[in-house]
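>>> structure, please.
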Amino acid sequence: MTTQRRDETMPQSVKDKQLDAHRLDRRGSHMTTDQGIPVDDTDNSLKVGERGATLLEDFHLREKVTRFDHERIPERVVHARGSGAHGYFQVYDDSLAEYTTAEFLRDPLAETPVFVRFSTVQGSRGSADTVRDVRGFATKFYTSQGNFDLVANNFPVFFIQDGIKFPDVIHAVKPEPYNEIPTGASAHDSFWDFVSLQSETMHTVMWLMSDRAIPRSFAMMQGFGVHTFRLINAEGRSTFVKFHWTPKRGVNSLVWDEAQQIAGRDPDFNRRDLWDLIEAGQFPEYEFGVQLIPESDADRIDFDLLDPTKIVPEELVPVRPVGRLVLNRNPDNFFAETEQVAFCVQNVPPGIGFTDDPLMQARLFSYLDTQLTRLGGPNFASIPINRPIVPVRHHEQDGFHYDDIPLRQANYHPNSISEGYPKVGGENGYVHYPEWEEGHKLRKRAESFADHYSQATLFWNSMSAWEKKHIVEAYRFELGKVTRQYIRERVVDHLSQVDHDLAVAVAAGIGVAEPAKAVDNHGRSSPALSQTNKRGDNGIKGRKVAFLVADGVDPASVTALHDALERQDAVGELLAPTDGEVRTSDGGTLRVDRAITTVASVLYDAVVVPDGADAAEALRVNAPTLHFIAEAYKHAKPLAVLGAGTSLLETAHLPPFANGISGHGPAAGVLAREEPGAPPDRFVDAFIEALAAHRFFQRQVEMVVA
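Numbering: from 1, shown residues only. Purely as a prediction, here's the structure:
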């Protein structure tokens, strides 16, 4: 596998060159202390004799242990579990010039360096990747006008409308305080107690119960700015804007049973996937889109644009593609970059502004405030990964880790001793939008924020049949973990305000009486919300396919599909009962990538069982293989079975399949070819098409034993 992290043939960005000064290569060096004193021995402490007392004067021992004792910094209160990558952003054209003075959104020739951090919200730094949770999608743009931090999520809405409730919702979803359980999960009493008492959570909880909360890959996950921002042009005119990231690979998710298994088998699943894609040169790519709403049109929308629990449906205001984000380099050091990167909602360049969204206003304070404890004070912006690519000049000074050496005497403004420098920019600096504000000081929620159910209904109505099925199952799982019956009942009462059939289906699975019909479903939907309409255009790049082989496998049936996958940048791995090599039916050998006992079907996107009578016979009596096939079928993944390999379908107790390359119902996504040897091109193309389709949820899998 080729590495892309420090490939000298790749052109360096401005940010990359800046980081070069801080990269440390220990090759060819000799060990020293922090003071540069050479170390003669780092394996034995200084003692009186070989078996005597250890001496306090051993400064190397004391320094080494002290440094070790202080390696950890406080993890983030939320979004502690994260994965990062470098890349670049480039706008398609200058069409946004009429809306904003932000240069990185106006100049199609500029490649703006970025660092992106993906994360979960609830769990600790050591929790699993595939838990049911909101995902962070935070992007630091190192622009020519200073840093822009777009601190986004993979949901376009949030649980609360006002930032004063943020400590409450996070306390509720975090592990319960008396026993620190559960980790990385919302399926517990305190979270659902909060939800049942705060109806404003209903829309976001619907997203949380959907498969959007268990993405297959960070490269297959949308991102949303959540809030309504402003774009401000050279004339000072403001346009409301919603920011969107859309993955080129399409929006795809895991299923819940699969996600739980992955959390045990490979808790680093999403992190490893991101790393491997970049190392292999299969760079994740996202399209950047905006929804633009003239301020004069805001009152024509039947909800409040300042309400972070609401979306602007794409059918009402289309998303306008304006640029692309490419992630093309892994970090050199996790702590120095991914752990120390600090995102602050307040970081915006000229041409982008804020609104009175009360959740956004609290985030403007909170994200800055949290860095002061986590990163040791106000100088966190000078940590290399956080530094802008433009010069930083001001009179703020001193504090922990202040590493500049200011020259001249004046450290105040105005001054004449240093000729007035650094001078303020005036109109060339950041100018806050002069919004007119008037009103009484009070603690009161606006009436325009009072609708807590209609967009939850919109989301439900927009789902396909299989997405609705998964949502019902998720509610049943989560509420099934809630021990207090009255909390379950309150949640069902809320769901009856969303959709009666949804409430009835959930109630039936958790021992709650069927609720009375509360309201009629308004019937509106937004097709853009369904994953079935987010297929992407990147084909099968980065998909992983398991080939189940044993001694006697037909090499031609392996090669035809394996080579076709490689040509389209997918990954095929040969799995066998034991590691090493397998003998082929023509007397040759094939190298095995992994023993089947070390992996599982949940770590792959599809399964191939090649031809070969002896191989099929060996696999028919191998329990891990049969479980592997049945489980992949149960999780709606594509299956290709060739020649003698078709016999394993019956042995794995799967429904009978007709010989062919297409099917409906139980056969959907199952490609069976009973003829021996290499499959024809038509079969190969059909398998690649099935792989690109991701899953086949029209299968009836309830009776499959896996």
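
>>> in the stretch 201-350 of the chain, which spans are helices?
Here the stretch 201-350 of the chain has its helices, by DSSP state H, counting those that start in this stretch, at 202-209, 256-265, 269-279.

>>> and what of the stretch 501-650 of the chain?
Secondary structure of the stretch 501-650 of the chain (DSSP H, counting those that start in this stretch): helices located at 555-567, 613-620, 623-634, 647-651.

>>> tell me the angle the third one makes with helix 256-265.
This points to helix 623-634. Using axes from the mean of the first three to the mean of the last three Cα atoms, to 10 degrees, the inter-axis angle of helix 623-634 relative to helix 256-265 is 140 degrees.

>>> same check, this time on the longest one
Interaxial angle of helix 555-567 relative to helix 256-265 (the same axes, to 10 degrees): 90 degrees.

>>> relative to residue 583, how far out is the closest residue to residue 645 other than its chain neighbours?
With Cβ to Cβ, 6 or more residues apart in numbering as the measure, residue 609 is the residue that lies nearest to residue 645, at 3.6 Å, once sequence neighbours are left out. Using the backbone N, CA and C atoms, a C-beta is placed for each residue, glycine as well. In this structure, residue 609 lies at 17 Å from residue 583, with Cβ to Cβ, to the nearest Å as the measure.

>>> and these two? which has more neighbours close in?
A count of neighbours by other Cβ atoms under 10 Å puts residue 609 above the other of residue 609 and residue 583, at 30 against 15.

>>> next up, the contacts around that one.
Under the criterion of Cβ atoms under 8 Å, 6 or more residues apart in numbering, the neighbours of residue 609 are 547, 548, 616, 619, 629, 639, 640, 641, 642, 645, 646, 648.

>>> the last one and residue 622 touch, don't they?
Translated: residue 648. No: Residue 648 sits out of contact with residue 622 when judged by Cβ atoms under 8 Å, with a separation of 9.6 Å.

>>> ranges for the strands of the stretch 201-350 of the chain?
Applying DSSP state E, counting those that start in this stretch to the stretch 201-350 of the chain gives strands spanning 223-224, 229-232, 238-247, 285-294, 320-329.

>>> ranking these by burial, who's on top?
Mean neighbours per residue, mean count of other Cβ atoms under 10 Å, is largest over the strands of the stretch 201-350 of the chain for strand 223-224, with a mean of 24.

>>> and for that strand, what's in contact with it?
For strand 223-224, with Cβ under 8 Å, 6+ apart as the criterion, the contacting residues are 137, 139, 152, 153, 154, 155, 156, 242, 243, 244, 245, 286.

>>> looking at this, the third one is in a helix?
So that's residue 152. No: with DSSP: H, G, I helix; E, B strand; the rest coil as the criterion, residue 152 is strand rather than part of a helix.

>>> tell me how far it lies from residue 116.
For residue 152, the distance to residue 116 under the criterion Cβ to Cβ works out to 10 Å.

>>> by contact count, what packs against the strand or helix carrying residue 119?
Under the assignment given by DSSP states H and E, the secondary-structure element containing residue 119 is strand 112-120. When contacts are defined as 3 or more Cβ pairs under 8 Å, 6 or more residues apart in numbering; DSSP states H and E, strand 112-120 sits against helix 14-20, strand 82-91, strand 135-143, strand 320-329.

>>> and the third one, what does it pack against?
Where contact means 3+ Cβ pairs under 8 Å, 6+ apart, strand 135-143 is packed against strand 82-91, strand 112-120, strand 146-153, strand 223-224.

>>> now those in TSV, please, with extra columns for mean pLDDT and distance to residue 328.
Compiled in TSV, these are given as follows (pLDDT from 0 to 100; distance: least, Cβ to Cβ, whole Å):
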stretch	mean pLDDT	distance to residue 328
strand 82-91	98	5
strand 112-120	98	10
strand 146-153	98	19
strand 223-224	98	18
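
>>> torsion angles phi and psi at residue 686?
With angles defined as degrees, to the nearest 10, residue 686 sits at phi -70, psi -40.

>>> looking at the helices and strands packed on strand 135-143, which is nearest to residue 263?
Nearest to residue 263 among the helices and strands packed on strand 135-143 is strand 112-120; the distance by Cβ to Cβ comes to 11.0 Å.

>>> so what strands line up beside the closest one?
In its sheet, strand 112-120 lies beside strand 82-91 (antiparallel), strand 135-143 (antiparallel), with partners assigned from DSSP bridges.

>>> just these: most buried one?
strand 135-143 (a mean of 24).

>>> next, the angle from it to helix 269-279.
40 degrees.

>>> okay, residue 424: pLDDT?
On the pLDDT scale, residue 424 is placed at 89.

>>> between residue 648 and residue 622, which is the more surrounded one?
Using other Cβ under 10 Å as the criterion, residue 648 and residue 622 rank with residue 648 on top: 24 against 18.

>>> chain neighbours aside, what residue packs nearest to that one?
Taking Cβ to Cβ, 6+ apart, and ignoring the residues beside it in sequence, residue 648 has residue 609 as its nearest neighbour in space, at 5.5 Å.

>>> so residue 306 sits against residue 357, correct?
Yes: counting by Cβ under 8 Å, residue 357 is a contact partner of residue 306 at 4.6 Å.

>>> understood, closing this out.
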